[in-house]
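Undergrad: Got a predicted model here, sequence first, then my questions.
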Amino acid sequence: MTPFKSIIVVKHRPERLWVTIRDRMSDLAAMLDDVERVTVLERQVTDNGDVRLLNEWRAKPLLPAAMSSLVDPALLGWHDRAQWHEAERRCTWSIEPFFLPGRIQCTGVTSYEEAMGGRGARVTFEGTLALDLSTLVGPSVFDRGLSALAENIVTTLIPKNFRKTVEAAARVLEREA
């Protein structure tokens with residue numbers, strides 16, 4: 001299991017950023033290069049004001065021509081299950097990719113806190129990723145090394161993509177200010 005963490009600070013109040021990312025992810029997706037769309041499949045508001053979301057993400061990565069013919073576009077997506085805890089301004093989430101079902105575990109927590117003397121938000125995005133590639137190439141020491149390499153690559157991409165999402169939300173809030 002490989003941990004990852006990213007801290008992003010923006011010049012917008014955490015409550016505004018929180019609501020924008022939670023409720024307007026479909027709009028933000030249009031501002032992300034490698035995302036085709038985000039669709040809200042389920043939304044439930046609990047008695048205490050928490051929000052549970054199930055979003056479906058569809059990716060459109062820039063792949064080399066030789067690779068794009070080998071990749072099934074239907075597998076380029078994931079379900080994002082999130083519980084937005086209103087009182088703590090904290091979101092717990094898990095990602096279930098369509099590719100390699102059952103072989104990838106990715107979970108985490110995102111916290112939204114005041115920053116810059118109350119004029120901004122500090123977003124802490126952290127989680128863990130575990131890949132099990134042994135069923136693809138057979139159990140061996142090489143597999144663990146391959147899984148670790150893949151985990152290291154992916155755990156640099158996930159926080160980078162989340163940073164782009166926060167930056168997109170900040171641009172939306174700037175336009176609306």
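TA: In hand now; what should we look at?
Undergrad: OK, contacts around Met1?
TA: With contact set as CB atoms under 8 Å, 6 or more residues apart in numbering, Met1 has these partners: Gln105, Thr128, Leu129, Ala130, Glu151. From N, CA and C alone the C-beta is placed, and that goes for glycine too.
Undergrad: can you count the residues close to the fourth one?
TA: It refers to Ala130. Using other CB atoms under 10 Å, Ala130 has 13 other residues around it.
Undergrad: can you give me the strands for this structure?
TA: In the chain, the strands defined using DSSP state E lie at 2-10, 35-45, 51-59, 77-85, 90-97, 104-115, 120-131.
Undergrad: counting contacts, what elements does the fourth one pack onto?
TA: Under the contact definition 3 or more CB pairs under 8 Å, 6 or more residues apart in numbering; DSSP states H and E, strand 77-85 sits against helix 14-23, strand 51-59, strand 90-97.
Undergrad: what packs against the first one?
TA: Here helix 14-23 is seen to pack against strand 77-85, strand 104-115, strand 120-131, helix 141-176 when contacts are counted using 3+ CB pairs under 8 Å, 6+ apart.
Undergrad: Lowest mean pLDDT across those, which one is that?
TA: The minimum mean pLDDT among the helices and strands packed on helix 14-23 belongs to helix 141-176 (a mean of 79).
Undergrad: Pro61 contacts Leu76, correct?
TA: Yes. In terms of CB atoms under 8 Å, Pro61 counts as a neighbour of Leu76; the distance is 6.7 Å.
Undergrad: quick one: which of those two has more around it?
TA: More crowded of Pro61 and Leu76, by other CB under 10 Å: Leu76, with 18 against 13.
Undergrad: Specify the beta-bridge partners of the closest residue to the more buried one other than its chain neighbours.
TA: Using CB to CB, 6 or more residues apart in numbering and skipping the chain neighbours, the partner closest in space to Leu76 is Ala59 (4.4 Å). On the basis of DSSP bridges, Ala59 is bridged to Val35.
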